[in-house]
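S.K.: this one's structure only:
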């Protein structure tokens with residue numbers, strides 16, 4: 001299912017959501033301007049390579065900078081291809097404006113980056129020996145989806161579902177779509193850990209971590225208001 005639009009209108013201009021999409025687009029076009037070898041180096045330096053932090057002797061041997069934790073922030077703005085960035089940014093466009101509207105731009109910006117950082121730590125903890133860089137905004141966007149689920153449980157989505165290559169459009173409850181999305185990530189992540197190898201593929205557990213952080217952080221926010229050579233692409237599907 002591909003979301004087309006939601007039923008919740010925005011009451012203000014989503015400045016931070018638009019800025020995040022613009023920054024991601026600029027970085028992606030910068031990636032396209034680089035030769036392949038430079039792109040790979042960029043991913044290894046600014047993406048999350050778990051073994052870089054869990055095996056410091058190996059990291060020093062291959063030339064990683066010592067004591068640099070910037071990748072937990074910078075990996076959120078790197079993407080591995082057109083479909084990767086288009087799906088991520090479209091999802092952020094659909095759901096981010098409403099969450100920003102409710103939180104306010106400053107709080108939303110902090111919330112978004114925090115979800116991405118903690119999703120990166122989740123990827124580190126669940127794939128600690130991986131030498132494959134993980135890149136993408138999906139961990140942060142998973143946090144936005146988790147917050148949307150709590151903030152707008154009665155919202156509805158228009159989704160596109162292809163049947164025999166023909167697009168069909170349906171209206172479904174947002175809670176159904178987001179629930180299916182989250183549990184699909186959880187199930188896929190569990191299967192990945194149960195398999196013979198825990199490296200490569202999609203960063204499922206970064207999605208789960210981001211979504212869980214989004215729901216937990218949003219709950220805390222409401223209470224206080226009252227009294228994301230191979231590259232692991234954190235895809236949003």
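M.R.: Happy to help now that I have it. Being a predicted model, the structure only gives us computed values, none of them experimental.
S.K.: any idea how far residue 92 is from the residue positioned nearest the centre of the chain?
M.R.: Centrality entry for the chain: nearest residue to the mean C-alpha point is residue 138, 1.4 Å, by C-alpha atoms, centre = their mean. Counting by C-beta to C-beta, to the nearest Å, the separation of residue 138 from residue 92 is 10 Å. For glycine as for every other residue, the C-beta is placed from the backbone atoms N, C-alpha and C.
S.K.: Check residue 99 too.
M.R.: With C-beta to C-beta as the criterion, residue 99 and residue 92 are 10 Å apart.
S.K.: Who has more neighbours out of these two?
M.R.: Under the criterion of other C-beta atoms under 10 Å, the comparison of residue 99 against residue 92 puts residue 99 first, with 28 against 25.
S.K.: got a pLDDT number for that one?
M.R.: Model confidence at residue 99, given as pLDDT, is 96.
S.K.: ditto for residue 125
M.R.: The model's pLDDT for residue 125 equals 86.
S.K.: Validate this expectation: it resides in a helix.
M.R.: Yes - looking at residue 125 with DSSP: H, G, I helix; E, B strand; the rest coil, it is inside a helix.
S.K.: Now do the buried residues in stretch 28-42.
M.R.: Residues of stretch 28-42 classed as buried by neighbour count (16 or more other C-beta atoms under 10 Å): 28, 31, 39, 40, 42.
S.K.: In this protein, what residue spans correspond to helices?
M.R.: 15-32, 36-46, 50-54, 56-62, 71-74, 82-103, 105-126, 138-151, 174-194, 204-226 (DSSP state H).
S.K.: Rebuild those as TSV, extending it with distance to residue 162.
M.R.: Converted to TSV, those look like this (distance: least, C-beta to C-beta, whole Å):
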stretch	distance to residue 162
helix 15-32	25
helix 36-46	31
helix 50-54	35
helix 56-62	43
helix 71-74	34
helix 82-103	14
helix 105-126	29
helix 138-151	22
helix 174-194	16
helix 204-226	22
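S.K.: Among the ones you listed, single out whichever gets nearest to residue 9.
M.R.: Smallest distance to residue 9 across the helices of the chain (C-beta to C-beta): 8.5 Å, for helix 82-103.
S.K.: ok, and what's touching that closest one?
M.R.: If you take C-beta atoms under 8 Å, 6 or more residues apart in numbering as the criterion, helix 82-103 is touched by 3-6, 8, 10-12, 14-17, 20-21, 24-25, 28, 79, 108, 111-112, 136-138, 141, 144-145, 147-148, 151-152, 155, 157, 221, 233, 235-237.
S.K.: Show me which of the residues you listed are buried.
M.R.: When those are checked for burial by 16+ other C-beta under 10 Å, the buried set is 3, 6, 8, 14, 16-17, 20-21, 24, 28, 79, 108, 111-112, 136-138, 141, 144-145, 147-148, 151-152, 155, 157, 221, 233, 235-236.
S.K.: How much space separates the residue nearest to residue 71 when sequence neighbours are not counted from residue 68?
M.R.: Take residue 71 and drop its neighbours on the chain: the residue closest to it by C-beta to C-beta, 6 or more residues apart in numbering is residue 48, 5.0 Å away. From residue 48 across to residue 68, the span is 12 Å (C-beta to C-beta).
S.K.: These two - which one has more neighbours?
M.R.: A direct count of neighbours by other C-beta under 10 Å for residue 48 and residue 68 places residue 48 higher, at 32 against 14.
S.K.: Show me what the more buried one is bridged to.
M.R.: Assessed by DSSP bridges, residue 48 has beta-bridge partners residue 134.
S.K.: Quick check: it vs residue 72, distance?
M.R.: In terms of C-beta to C-beta, residue 48 sits 7 Å off from residue 72.
S.K.: swap in residue 179?
M.R.: 28 Å.
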